[in-house]
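J.: below are the sequence and a predicted model for it; my questions follow.
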Amino acid sequence: MGKISSEKIVGEHTVDGRPVQVQQVVWADGGLGYDLIDADTGNVLTTEESFSAYPSESQMKAVLSSLAGTPGPADLVAAWEEATKIHYTRAGELARLIADTLRTQYPSAAYLVLAIDDDETDRDIELFLHSIRDADGTIIEDFEHSGALPIDPDSSLRRAWGKLNPSDPAALLWLLRQLYIAGVQFDGLPEDLLQEDDTEWPPMCLLLSGQARPHTWADEEEKAQRFGPRLMRPYSATPSSASS
């Protein structure tokens, strides 16, 4: 439309409980436009196109309805907190699917042990599959030498994987890397379950069954503060059963 000659508020309304203003815009060529303004923030709500005439109440409602899913500045923190909560809830569900699937493939599985390549700088490629271990720490699957993983093709777990093939270690690794990229924290492998070749890297693990013992923290409150919902722990034994 060219340059703006002047702007002024020419009306105030409350639409569906929300205070709004109508701002008249006069263009340098003499044209007129009308914008809907959030009275609390001063933000222009008609971001796509101004009205050519003073808007009716139904037109104002249509604008607010189109923006209903867009949080305003005062809502951004709450919206972010809610989105984060949903994010880690879904991550936890995915971790549970992985655990249930691996335990179906390996009934005695308790730990999925993961390796970190300290030489890698890209978070999406530094995570690797190392092994699957039982509750005593015995390796029952070594990914360095494994091929396809077993799976019942009729299992409901198989369907939950969608287009991914749960018998393919690459699909499993891809999902775990997605979780890792998304900011989740995996458990540390209990020290008494370490193998001789585990000493050169900090082993992490996903707990696959109720027989699995989580990493022991000296201060459980510190752990909760550091990781909160980011800690992916689909299963773990209670302290009493873990020590028996």
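T.: Thanks, I have it.

J.: tell me the centre residue of this structure?
T.: His87 (3.2 Å; C-alpha atoms, centre = their mean).

J.: and Ser66, how many neighbours?
T.: Applying other C-beta atoms under 10 Å, we find 13 other residues in the vicinity of Ser66. To be clear about C-beta, it is placed using only N, CA and C from the backbone, and glycine gets the same treatment.

J.: repeat for Ala78
T.: 10.

J.: so how far is Leu114 from it?
T.: 34 Å (C-beta to C-beta, to the nearest Å).

J.: what's the answer for Glu196, then?
T.: 18 Å.

J.: does the residue sitting furthest away from the middle of the chain belong to a helix, a strand or coil?
T.: Centroid-distance maximum for the chain: Gly30 at 50.6 Å, with C-alpha atoms, centre = their mean. Recorded secondary structure, Gly30: coil (DSSP: H, G, I helix; E, B strand; the rest coil).

J.: is Val22 bridged to anything, and to what?
T.: Gly11, Leu36 (DSSP bridges).

J.: residues in contact with it?
T.: For Val22, the contacting residues are 9-13, 34-37, 54-55, by C-beta atoms under 8 Å, 6 or more residues apart in numbering.

J.: in TSV: those, plus distance to Ser66 and pLDDT.
T.: Converted to TSV, those look like this (distance: C-beta to C-beta, whole Å; pLDDT from 0 to 100):
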residue	distance to Ser66	pLDDT
Ile9	22	92
Val10	22	93
Gly11	20	93
Glu12	21	94
His13	17	93
Tyr34	17	92
Asp35	14	92
Leu36	11	92
Ile37	15	92
Tyr54	19	93
Pro55	13	92
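
J.: buried ones among those residues?
T.: 34-37, 55 (16 or more other C-beta atoms under 10 Å).

J.: so which residues of the protein form helices?
T.: 57-66, 76-105, 156-160, 169-181, 220-227, 239-243 (DSSP state H).

J.: who wins for proximity to Gly17 among those helices?
T.: Of all the helices of the chain, helix 57-66 sits nearest to Gly17, with 9.9 Å by C-beta to C-beta.

J.: residues of the closest one that come out buried?
T.: Buried, per 16+ other C-beta under 10 Å, within helix 57-66: 60, 63-64.

J.: what does that helix contact?
T.: 13, 15-16, 18, 20, 36, 45-46, 51, 55.

J.: distance to Ser146 added to those, as CSV?
T.: Compiled in CSV, the contacts of helix 57-66 are given as follows (distance: C-beta to C-beta, whole Å):
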residue, distance to Ser146
His13, 67
Val15, 62
Asp16, 59
Arg18, 59
Val20, 62
Leu36, 61
Leu45, 57
Thr46, 59
Phe51, 64
Pro55, 65
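
J.: and the least confident of these?
T.: Minimum pLDDT for those is recorded at Asp16 (83).

J.: circling back: possible to save the helices of the chain as CSV with distance to Pro214 and mean pLDDT?
T.: Shown next, in CSV, are the helices of the chain (distance: least, C-beta to C-beta, whole Å; pLDDT from 0 to 100):
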stretch, distance to Pro214, mean pLDDT
helix 57-66, 47, 87
helix 76-105, 13, 89
helix 156-160, 23, 86
helix 169-181, 17, 93
helix 220-227, 9, 68
helix 239-243, 8, 41
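
J.: Glu196 and Leu114: which has the busier surroundings?
T.: Leu114 (24 against 5).
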